[in-house]
Structures are given as structure tokens and as C-alpha cells.
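Visitor: A predicted structure for the sequence below; I have some questions about it.
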Amino acid sequence: MPENFFILSKDHLEIAKDEVIAIAKTYDRFAKSKSFSNLVIIQSNTSWEKIARRATFVKISGQILRKMSGLFLGEENFEVLKNAKTFACRIENLSSKQFNIPELESSMGDMISKLSQAQVNLKNPDIVIYLIFTNQENFFGFSRPQKFADRPKKVRKHPHELDWKLARVMINLIGLKEGETLCDPFCGTGTTLLEAESMGIKAIGLDFDKKMYEISKENMEANEFKSKIIKADFSEFTKMQDKFDGIVTDLPYGTASKVSENPQELIKKFVSMLPRRKKIAIMCKKGFEKKLNMNPSKTYDIFRHKSLTRTILIK
């Protein structure tokens, strides 16, 4: 079974690791994983390209060719270059050891040039050969340039809208697949809906606020997306539970919310309505999760600034 590598951004490292693993298991429940610092190795029949296209915090990804005990490589290791005209070498040092990386990359490039027909091209190579060093193991692998779809655009925003990266990671953590449907009962400006559709996931958004409803509609139309947006109270989702597979939302009600009902009571009411057999990811202000009767399988704290930390709950 192929092994793929993913070097992650160190921002929100715990959630970044869990996201990559969750994506792999979404497509292959038998996928296995291990991690070294900000490197995750996934053993799965799912391609690294497919996982990387969905992931939020992946910086570099590719396929492992073999583990290494040293820097000695034979001609058989470069079969991957058979149809490549150009290549580049990259050293990723995730260990505590010190290396002369430019010298190593140059030496490796010279060696590969002698063992293959490919030529060095540092700007636009057909393939990139990687040596990855960690304190535990070293790896030899490769990657190819990927074309990622353009980010969804927002023609209208709001100062307190959900960060697109957190919306995307929540969708991935609950394992929604292409063709399934997400519901966001507090859709706001449509961030969650945009991320869902960009990944081939259908979406339904609710918002009782006319302004938010209109902004969300404009943002969907700007991307020619087909998400269904309904101007209604969040409780409307209970009438359409057969139409979606999971809920992903950022609870919007704060102490300054202009609603007749107590904001905290509204949130408790919402949580009490959550369906039992749906995939659920909710974000709320840290501390408030203790007042919710959710029993999440996983929680993540997201530091925003010194007076605000958000918590993601996965169920």
C-alpha cells in the first residue's frame, strides 16, 4: 500500500494533523498514519494529490519511495524519473541536526543527473525529489506540481465572519464526501457554504438576519454556486434533516446579540435540537462548550487574540 507524506504548517498543528488523517479515512477507512513533528505519513490507497487538494494546512506533499538509513541511493530509486525531462531536489530538515542544505541539494542533483536522463530545473521541474530528515527516521520521496482550484471569492464580507480555513478544516474533520450535503444553520456571509461547494459538497444555509441572508446569496452567485440559502431561524433545520448529512457552523450569538431571547439559551436550544445520527462540527467561544450537553469526541482550542479563544467541537 502506498505511503504518502504531508509536511504541515505549524499553525494549529494538532488540528492540522487530525485533518489530514480524517481526509484519508474519509476515502479509505483502513488508512494508517504516523507523525514526526509536523510531518504526517499516511499509508493508504488514496492518492496524496486527492488528500492535499482538500487539506487546509498542508505545505508540501508527495509519495514516499522508501525509508533511508543514509544518503546512499541506487539507480533503482530513480525509476520515478523515467518519463520526466526535468527535476529539482529539495531537502526538508525537520530534525534537530544541522545540515548544509544547499550543498546536499547540489550533490544530490549531480548524482541524479548521472543516473537518469532528466536535467535540473529549479524553477519549473516536472518532478521534485525530496529527502526528509526527522529525529526518528529519514525518507526519500517525490512530488509533482499540482494545480489547485481558485479560492472561492467573496464580494461582500463581515468583520466577524468565520475564517475560511477553520470552516474548511471543520468540514474535513467530520468526513463529508463529494456529493453529500452540509447544513449551516447560522450561515452568515456564507463562508462554510463556499468551502463546501469548492470541495464538491452540496450545502444548505440558514440565517434569520436579512442582511446576512442577502450577503450570503451574493457571495454564492459571484461564484456561480448552487447552495440553497433560506431566510429563517436556525430551528428550521429540524424540518429538513433528511436533506443533509452533517452540520458545520460557527455559533454567532454573543452577549451583544440583538435578539429577544437570551443568547446563551438560544445556543442551548440549538444544541438540544441536533440530530443524533449526523456528522457535526461546531465552533463556539471557549468556556461555553462546558454549558452544552454535547459530549464531543474531540475538541480544539483556536487562539484568536488575548481576549478571545474559540473552541471547535467534533461529534
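Guide: In hand now; what should we look at?
Visitor: and stretch 184-199, what's buried?
Guide: 184-199 (16 or more other C-beta atoms under 10 Å). Heads up, the C-betas are built off the backbone N, CA and C, glycines and all.
Visitor: out of those, which is nearest to residue 12?
Guide: Residue 12 has its nearest neighbour among the buried residues of stretch 184-199 in residue 195, at 15.9 Å by C-beta to C-beta.
Visitor: ok, now which ones touch the closest one?
Guide: For residue 195, the contact set (C-beta atoms under 8 Å, 6 or more residues apart in numbering) comprises 152, 164, 167-168, 171.
Visitor: farthest pair within these?
Guide: Longest span within the contacts of residue 195, C-beta to C-beta: 152 and 171, 12.8 Å.
Visitor: so for those two, which residue has more residues nearby?
Guide: A side-by-side neighbour count of residue 152 and residue 171, using other C-beta atoms under 10 Å, places residue 171 first with 28 against 19.
Visitor: specify the beta-bridge partners of the nearest residue to that one once chain neighbours are set aside.
Guide: Spatially, and ignoring its direct neighbours in sequence, residue 171 is nearest to residue 248 (5.5 Å; C-beta to C-beta, 6 or more residues apart in numbering). With DSSP bridges as the criterion, residue 248 is bridged to residue 281.
Visitor: any regions of the stretch 1-150 of the chain where pLDDT drops low?
Guide: Residues of the stretch 1-150 of the chain that meet the criterion pLDDT under 70 lie in 67-79.
Visitor: for it, which segments are assigned as strands?
Guide: Applying DSSP state E, counting those that start in this stretch to the stretch 1-150 of the chain gives strands spanning 3-8, 32-36, 39-43, 58-68, 86-93, 119-120, 127-133, 138-143.
Visitor: which strands and helices sit next to the second one?
Guide: Going back to what we said before, that points to strand 32-36. In terms of contacts (3 or more C-beta pairs under 8 Å, 6 or more residues apart in numbering; DSSP states H and E), strand 32-36 is packed against helix 13-27, strand 39-43.
Visitor: sheet partners, orientation included, of the last one?
Guide: What it means is strand 39-43. strand 3-8 (antiparallel), strand 32-36 (antiparallel).
Visitor: how about those strands, which one is nearest residue 301?
Guide: Of all the strands paired with strand 39-43, the one in closest proximity to residue 301, counting by C-beta to C-beta, is strand 3-8 (17.7 Å).
Visitor: and the angle for that closest one with strand 58-68?
Guide: Interaxial angle of strand 3-8 relative to strand 58-68 (axes from the mean of the first three to the mean of the last three C-alpha atoms, to 10 degrees): 140 degrees.
Visitor: tell me the buried residues in strand 3-8?
Guide: Residues 3-8 are the ones in strand 3-8 that count as buried (16+ other C-beta under 10 Å).
Visitor: reformat the residues you listed as a markdown table; add distance to residue 281.
Guide: A markdown table is the format used below for these (distance: C-beta to C-beta, whole Å):
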| residue | distance to residue 281 |
| --- | --- |
| 3 | 28 |
| 4 | 24 |
| 5 | 26 |
| 6 | 21 |
| 7 | 25 |
| 8 | 19 |
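Visitor: which one of the residues you listed sits closest to residue 15?
Guide: residue 8 (9.8 Å).
Visitor: quick one: the closest one and residue 59 touch, right?
Guide: Yes: using C-beta atoms under 8 Å, residue 8 is in contact with residue 59, at 6.4 Å.
Visitor: what are the ranges of the strands in the stretch 151-300 of the chain?
Guide: Taking DSSP E, counting those that start in this stretch to define them, one finds strands in the stretch 151-300 of the chain at 181-184, 202-206, 228-230, 246-250, 279-285, 298-305.
Visitor: can you redo the ones you listed as JSON lines with mean pLDDT and distance to residue 217?
Guide: What follows is the strands of the stretch 151-300 of the chain, written out as JSON lines (pLDDT from 0 to 100; distance: least, C-beta to C-beta, whole Å):
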{"stretch": "strand 181-184", "mean pLDDT": "98", "distance to residue 217": "14"}
{"stretch": "strand 202-206", "mean pLDDT": "98", "distance to residue 217": "9"}
{"stretch": "strand 228-230", "mean pLDDT": "97", "distance to residue 217": "5"}
{"stretch": "strand 246-250", "mean pLDDT": "97", "distance to residue 217": "18"}
{"stretch": "strand 279-285", "mean pLDDT": "94", "distance to residue 217": "23"}
{"stretch": "strand 298-305", "mean pLDDT": "89", "distance to residue 217": "27"}
